[in-house]
Structures are given as C-alpha cells and as structure tokens.
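Chemist: Kindly generate the corresponding structure for this input.
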Amino acid sequence: MKSFVGEITDAFDSDYGSALLYATAIGLVLSDIIPTPADAVYYHRERKLRSMLDEGKITPEKYYKKSANAHYIYTPIWWALVLGILYKTEGGVQEKAKIGLMVVGVGAAIGLLHKSYSKDIKEVKSALKTEEPVVNFDAKPRQGQIRKVYRAGNKIKFVY
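Modeler: Next up, the predicted model:
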C-alpha cells in the first residue's frame, strides 16, 4: 500500500501534477453522472424501504437512517472495487486504463439496463392499475399479432 500512496504523491510532484488534479476532478464529476451497479442496488433498496415504511414495518426515523446509510455506502464500495481492480491489474498505465474503462463501462451498462428495466416495469404496473378495460386474446397469437392492449390515459401499450 505504501507504493500505491507513493506513486500518487510522486505523480502530483511531477510536471503533470496539475493535469492529474484536473483529471481527478473530472473523474469525480463523471462518477456522479455515470450510473453504476451501486445505483441499481441503492434504488432497489430504496423501493423496499419505502414499501416497508408504507406498510408500517419500520418507523420514519429508521427509514431515513437506512436510506442515508445506503446512499453513502453503496457508491463508495463500487468505486473502491474499481480502484482495487486497477491496483491489482498487472501492466502499465495503458493496460490499467483499458481495464478501468472496461469495468466502468460494464458498470454503466448494468446501471442503465436496470434503469430502463425499472421504467418499463413501472409503466406496465401503472397501466394495470387503471380501471380502463384490458383486452385479452385467449387464442394463441400468430407471429406479430397483438395479445394484450394496456391503456393508461393517453398511453397505449401493445404486447405482442
């Protein structure tokens, strides 16, 4: 670990110290923008906590305490994992950069997939909650034939 801290200190003391500082600042900004698996875990946990609060299983104080803990724990764990992978990667700066970008890219993909999956599920659930009729076709549908039509206000969703 001493060499790790030593490498950082040496990098800041070199001619590229200010560039490293700017890169660190840009990385911090991007780490808040890019969705991560930690975000997916956090939002999943948030839904569970909210339902537990709504059902009266936990008090509002416990809800806010657990929510704050999740918010401040999951994301640093993810970035510590990324940093650990980079530290353990053999090779030079280019190899470590490639591995780091791959890990962050995979994490962003997982975060985006979870976000779009949650959005689709939310739309279907909101359509199912409406009192407007849902049309079901009992016969086995042919290729491209609509099986169900969900309607929620002005939105219509067709299930093939």
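
Chemist: count of residues packed around residue 7?
Modeler: Neighbourhood size, residue 7 [other CB atoms under 10 Å]: 11. To be clear about C-beta, it is placed using only N, CA and C from the backbone, and glycine gets the same treatment.

Chemist: let me redo that: residue 96
Modeler: For residue 96, the count of nearby residues is 16 (other CB under 10 Å).

Chemist: Equivalent analysis for residue 110, please.
Modeler: Around residue 110 there are 16 other residues, counting by other CB under 10 Å.

Chemist: Please identify the helix or strand for it.
Modeler: helix 93-129 (DSSP states H and E).

Chemist: Now tell me what touches the helix or strand encompassing residue 48 from outside.
Modeler: If you go by DSSP H and E, residue 48 is part of helix 37-54. The set of residues external to helix 37-54 that reach it, using CB atoms under 8 Å, 6 or more residues apart in numbering, is 58, 60, 63, 66-67, 70-71, 74-75, 77-78, 107, 110-111, 114-115, 118.

Chemist: tell me the mean pLDDT for stretch 77-85?
Modeler: For stretch 77-85, mean pLDDT rounds to 85.

Chemist: can you confirm residue 56 is in a helix?
Modeler: No. Assessed with DSSP: H, G, I helix; E, B strand; the rest coil, residue 56 is coil; it does not lie in a helix.

Chemist: buried sites along the host helix or strand of residue 73?
Modeler: Using DSSP H and E, residue 73 sits in helix 60-88. Buried residues in helix 60-88, counted by 16 or more other CB atoms under 10 Å: 63, 66-67, 70, 74-75, 78-79, 82.

Chemist: what helices or strands is that helix leaning on?
Modeler: Under the contact definition 3 or more CB pairs under 8 Å, 6 or more residues apart in numbering; DSSP states H and E, helix 60-88 sits against helix 37-54, helix 93-129.

Chemist: Give me the domain ranges for this structure.
Modeler: Domain ranges of the chain: 34-129, 131-160, per automatic domain parsing.

Chemist: The ones you listed: lowest mean pLDDT?
Modeler: Lowest mean pLDDT within these: domain 131-160, at a mean of 58.

Chemist: distance of residue 100 from residue 84?
Modeler: According to CB to CB, to the nearest Å, residue 100 and residue 84 sit 11 Å apart.

Chemist: same question but for residue 94, I mixed them up
Modeler: From residue 94 over to residue 84 (counting by CB to CB), the distance is 19 Å.
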